[in-house]
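Novice: Build me a model from this:
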Amino acid sequence: MNEIIRKVEETEKTAQKLIETAREEAGKLRKQSEQESSERLADARAEAKKIIQTALSEARSEAKAYREKTLDEARGNAETREQRLREGSEVLLEKLVSRVLPFKGTTGRL
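Specialist: Numbers count the residues shown, from 1 in each chain. Got it, this is the predicted structure:
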């Protein structure tokens, strides 16, 4: 009977050691898994930051190019309008002068 009790106690000790070893291994695996997850998350965040910065830089460049293009077009349109107004004014002035000059020598009045 004592032999059976001793074997049961040894088996219990062995089982307890196995359980403790399994817990330690599980803890190590959990810690390793958490560290790997943390590293992957940090890598993903860094990659996302790069992507966002690249997209932002491209958007700024596109916005600047669009702004410059729009300003150039606006300047061109303004210059065209100004040129047309000058030409129109010159034509109008020429017509006015051609109508006024024939009457200048007669009475001085229109």
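Novice: Helices along this structure, start to end?
Specialist: Along the chain, counting by DSSP state H, helices occupy 2-104.
Novice: which regions of it lie under the pLDDT threshold?
Specialist: Applying pLDDT under 70 to the chain picks out residues 102-110.
Novice: can you do 90?
Specialist: Scanning the chain for pLDDT under 90 picks out the ranges 1-4, 74-110.
Novice: And the residue nearest the centre of it?
Specialist: For the chain, the residue nearest the mean C-alpha position is Leu56 (2.6 Å; Cα atoms, centre = their mean).
Novice: From Lys50, how far out is that residue?
Specialist: Separation of Leu56 from Lys50 (Cβ to Cβ, to the nearest Å): 11 Å. In this view, the C-beta of every residue, glycine as well, is placed from N, C-alpha and C.
Novice: Glu24 too?
Specialist: Distance check for Glu24 against Lys50: by Cβ to Cβ, it reads 39 Å.
Novice: One more: Leu93?
Specialist: Distance, Leu93 to Lys50, using Cβ to Cβ: 64 Å.
Novice: what's the answer for Lys17, then?
Specialist: Separation of Lys17 from Lys50 (Cβ to Cβ): 49 Å.
Novice: same check, this time on Lys95
Specialist: Plainly put, Lys95 is 67 Å away from Lys50 if you go by Cβ to Cβ.
Novice: ditto for Arg40
Specialist: Arg40 is 16 Å from Lys50, by Cβ to Cβ.
Novice: CA-only coordinates of stretch 86-101, as PDB, when you get a sec.
Specialist: Once non-C-alpha atoms are left out, stretch 86-101 reads as follows in PDB (Å, rounded to 0.1, in the frame of the first residue of the first chain):
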ATOM      1  CA  ARG A  86      -6.900  97.700 -76.800                       C
ATOM      2  CA  GLU A  87      -7.600  96.700 -80.400                       C
ATOM      3  CA  GLY A  88     -11.300  97.600 -79.900                       C
ATOM      4  CA  SER A  89     -10.400 100.900 -78.400                       C
ATOM      5  CA  GLU A  90      -8.000 101.700 -81.300                       C
ATOM      6  CA  VAL A  91     -10.700 100.800 -83.800                       C
ATOM      7  CA  LEU A  92     -13.300 102.900 -82.000                       C
ATOM      8  CA  LEU A  93     -10.800 105.800 -81.700                       C
ATOM      9  CA  GLU A  94     -10.000 105.600 -85.400                       C
ATOM     10  CA  LYS A  95     -13.700 105.600 -86.300                       C
ATOM     11  CA  LEU A  96     -14.300 108.600 -84.100                       C
ATOM     12  CA  VAL A  97     -11.300 110.500 -85.500                       C
ATOM     13  CA  SER A  98     -12.400 109.800 -89.000                       C
ATOM     14  CA  ARG A  99     -15.800 111.200 -88.300                       C
ATOM     15  CA  VAL A 100     -14.600 114.300 -86.500                       C
ATOM     16  CA  LEU A 101     -11.800 115.400 -88.800                       C
END
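Novice: Sweet, I'm off.
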